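Undergrad: I would like to see how this sequence folds:
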Amino acid sequence: MRVLWGFLSGLVFGLGLVISGMANPAKVLNFLDLTGTWDPSLAFVMGGATLSAFVGYRLVWRRSAPVLDRAFDIPKTRAIDRPLLVGATLFGIGWGIGGFCPGPAFTALPLLAPGTLVFLPAMLAGLWLGARIKTGGHLQAKGATS
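TA: Model (predicted):
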């Protein structure tokens, strides 16, 4: 049942991205271009998402546990530390350069646009590399010795 609800949630999210135009990187890049072809519509999408999340959280927190799990998965730390700031900066730079964040990039994949075909593998490589660095996996150049 969890898989079905996960699929349906992803489908609704993906449809929302397509309908709002967020699967089109030009829309995001135009939002970031304040002195050129500025397009404020992304602000309305973000505002709608913020409002629906605000209402949703108010309803969910009234429950003792999520519908499909035993407990809420809440982060244990609220610290604003170096890894958080570096990650947020890298995310923002990637978003600004590519016009995508992960959800819309996967949603745009069926369009086979060259930008998507470059962005997704680069993003996946970055996720893999970040996980290796975070877990202490050592990256060595070929032929290097310890």
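Undergrad: Mind pulling up the pLDDT for residue 144?
TA: At residue 144, the pLDDT value in this model is 49.
Undergrad: Quick one: the helices in this protein, in order.
TA: For the chain, the helices identified by DSSP state H occupy 2-20, 25-32, 41-60, 82-98, 102-108, 114-134, in order along the chain.
Undergrad: Without its sequence neighbours, what residue ends up closest to the spatially most central residue of the chain?
TA: When the chain is reduced to its mean C-alpha position, the nearest residue by CA atoms, centre = their mean turns out to be residue 102, at 4.2 Å. Ranked by CB to CB, 6 or more residues apart in numbering and with sequence neighbours excluded, the top spatial neighbour of residue 102 is residue 123, at 6.4 Å. Where you see a C-beta, it was placed from the backbone N, CA and C, and this is true even at glycine.
Undergrad: number of nearby residues for the one you found?
TA: Applying other CB atoms under 10 Å, we find 18 other residues in the vicinity of residue 123.
Undergrad: Perfect, I'm done here.
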